[in-house]
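Student: My questions concern the predicted model and sequence given below.
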Amino acid sequence: MSADAIRRRQIITSLKKDSDFTKVYYSEVKNIIVPFFKSDFDLAILEDAIKKIRKKVAITDWDASDNANSIEALECMLDTDWPDLGDYKIITSALALKSVKLANVDVTIKPEIYLKHKSGKVGAVKIHIAKTPANRLADDNRIYAATLLKYAYVEYGVNEKLIDHDVCFSFDIFQKQYSVGAASFKRRISALEASCEEIALRWGSI
C-alpha cells in the first residue's frame, strides 16, 4: 500500500513466482505464538525457545540463517510492549478467516490468534515476521492489515457490532510494534481494492 511503482511490480512478481512454494521460515517462532498469547505474554516461553534454537545443530546454511533470524525475532518479542488482553480469551474459532476477495484477488487472512470477550465481541491477531526493513510493516500498513481482519469477519457474516476493532491487531515482530483496525473501514477497504485491481491487471503479463 505504501510502495512506489517499481516496488509494487517487484511484490507482484514475487507473489506470482512463489505462489506454489510453501515457506517454512521462522517455524520455531510461529509455533510459540499461540502458547505465548495464552500465557498472558509469559517471557519465559520466549527465553526457553531461544535456548532451544541455540542448541539446534544447523545442517545447512539455510538452517543456520533461519536459526539466527528466529532468535533475533524472539529477542524482538522480548522487547515488545504487549497489550492488555485480560478480558479476552484466546479461542479456537469455528469461523476460520481464510481469505477475502477484493477486485477479483483472493487476499489471504489466516490470523494466528482468535480472541473473544466475555461480552461476546470478537477480534483476531495477524503476525508479520520480516527481518528485511523494506518488507516490514510501517504504521499505516499495519492498520490496513488489522482493518482487513475486521472486514473479513464482516464478510464471513459476523455482525459488525460484535467485532471489536480495538482487538483486531496487526503485529510486526521486527518492528516491535502493533496497530489496531480502523473503526470505520470503508475508505481503507476501497484503497485496498484499488491496489488489488493493479495486481489483477498486471498478473497476466508477469
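Tutor: Structure's in. What do you need?
Student: got the buried residues for the longest strand anywhere in the chain?
Tutor: Criterion DSSP state E: the longest strand present in the chain is strand 163-172. When burial is assessed from 16 or more other C-beta atoms under 10 Å, strand 163-172 yields the following buried residues: 163-165, 167-172. All C-beta atoms are positioned from the backbone trio N, CA, C, and that covers glycine.
Student: ok, now stretch 150-159?
Tutor: Across stretch 150-159, burial judged by 16+ other C-beta under 10 Å covers 150-153, 155, 158.
Student: Any chance of the residues you listed in TSV with pLDDT as columns?
Tutor: Listed next are the buried residues of stretch 150-159 as TSV, based on pLDDT from 0 to 100:
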residue	pLDDT
Lys150	94
Tyr151	95
Ala152	95
Tyr153	95
Glu155	94
Val158	93
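Student: so, if you compare these, which one comes nearest to Arg54?
Tutor: Nearest to Arg54 among the buried residues of stretch 150-159: Ala152, at 37.1 Å, using C-beta to C-beta.
Student: Let me know whether that closest one touches Leu97 as I believe.
Tutor: Yes: under the criterion of C-beta atoms under 8 Å, Ala152 makes contact with Leu97 at 4.3 Å.
Student: Need the overlap of contacts for the two.
Tutor: Shared contacts of Ala152 and Leu97 (C-beta atoms under 8 Å, 6 or more residues apart in numbering): 109, 124.
Student: Which residue ranges of the chain form strands?
Tutor: Under DSSP E, the chain gives strands at 88-91, 99-102, 105-108, 113-117, 122-128, 163-172, 177-180.
Student: among those, which is nearest Lys30?
Tutor: Lys30 sits nearest to strand 122-128 of all those, at 7.5 Å, using C-beta to C-beta.
Student: Just the residues contacting that closest one, thanks.
Tutor: For strand 122-128, contacts defined as C-beta under 8 Å, 6+ apart pick out 30, 33, 37, 88, 93, 97, 109-117, 136-137, 142, 145-146, 148-149, 152-153, 158, 162-173.
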